[in-house]
Structure formats: C-alpha cells, structure tokens
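In: I would like the atomic coordinates for the input below:
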Amino acid sequence: MEFGKLLFGEPLEWSIKELWVNVLDTGGRQAMHNHANSFVSGVVYLTPTHESSCTVFMKSPGGTDFIFRNDHAGVAGGEFNSDKWISPQPEPGDLVLFPSYLMHAVPPNAGGRRVTLSFNAIPARLDSWGYVVRLDG
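Out: Residues are numbered from 1 along each chain as shown. Take a look at the predicted model:
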C-alpha cells in the first residue's frame, strides 16, 4: 500500500498479476527489459547474489531527463541522477520494488546459482480526475 503512495500519491490495494522464478547459473544473465504490462514489479532474492549479478536499473533510452544537467567529476551518482544504477548487493529474503516501466537487467553471473522470485502487480483501481478504472476484476 505504501509503495502505491510513493508512486501514485495515495495508498492503494494491490494484486499480484503474475509470479515467476528466475534461475541464473554461472554465466547466466538477463538482457535489458521492462514490464510494460504492469505498474509495479518486484524481486525477492532467495539465494545469495554474487556482486557481479546485482540488478542494474537504467533510464529509458528515449529519456525524460533535463537537457542541461549537473554532470561533472565531483557529482556523486545515485538512483535518481544516474543513467544507470546498480542495486546494493541483496541478502536472501530482501525485496526490491520498482515501477514496471523502469528498464532493468542482470549482468553475467560470475558466482553460484542465483535464484529470485519475481512478480508484477496492479492496483485495484486508478482514478484520473473522476475517470476511474478498476483493475481487480
């Protein structure tokens, strides 16, 4: 509910739309993609993750940035001002939630088997100035 407040400005009820398991053995990777059929995506890390295969988040190639940026050698990059941001190394049981439109990938895994549980979620409803869409069936 609180992630709905962060994304849409109010707490929302959510439904899991789809759920799957990813297994990446040594050398396995996931190419850059997003989940255009959803609103929120999540990853639950089930096994230790080698530092080489932390999830990488990228701004859309089309971009929605300011044209003139504060961009020089002294700037500390982070999740809001970088073109690419690598998540901190997760522990088993950690959950990462992100907007489904956000491009993401997993670089080649140099460690042991990496297992995650991923899902897409949709809000029960969205209200755009009185035009209400109910998505919970």
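In: where do the strands sit along this structure?
Out: Assigned by DSSP state E, the chain shows strands spanning 14-24, 30-33, 40-45, 56-58, 84-86, 95-99, 103-106, 114-123, 125-128, 131-134.
In: export those strands to TSV and tack on mean neighbour count?
Out: Bear in mind the C-beta positions are built from the backbone N, C-alpha and C, glycine included. As requested, the strands of the chain are exported to TSV (neighbours: other CB atoms under 10 Å):
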stretch	mean neighbour count
strand 14-24	13
strand 30-33	11
strand 40-45	20
strand 56-58	16
strand 84-86	14
strand 95-99	15
strand 103-106	17
strand 114-123	19
strand 125-128	12
strand 131-134	9
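In: return the distance of the spatially most central residue of the chain relative to L6.
Out: With distances taken as CA atoms, centre = their mean, the residue of the chain nearest its centroid is F98 (3.5 Å). Counting by CB to CB, to the nearest Å, the gap between F98 and L6 amounts to 11 Å.
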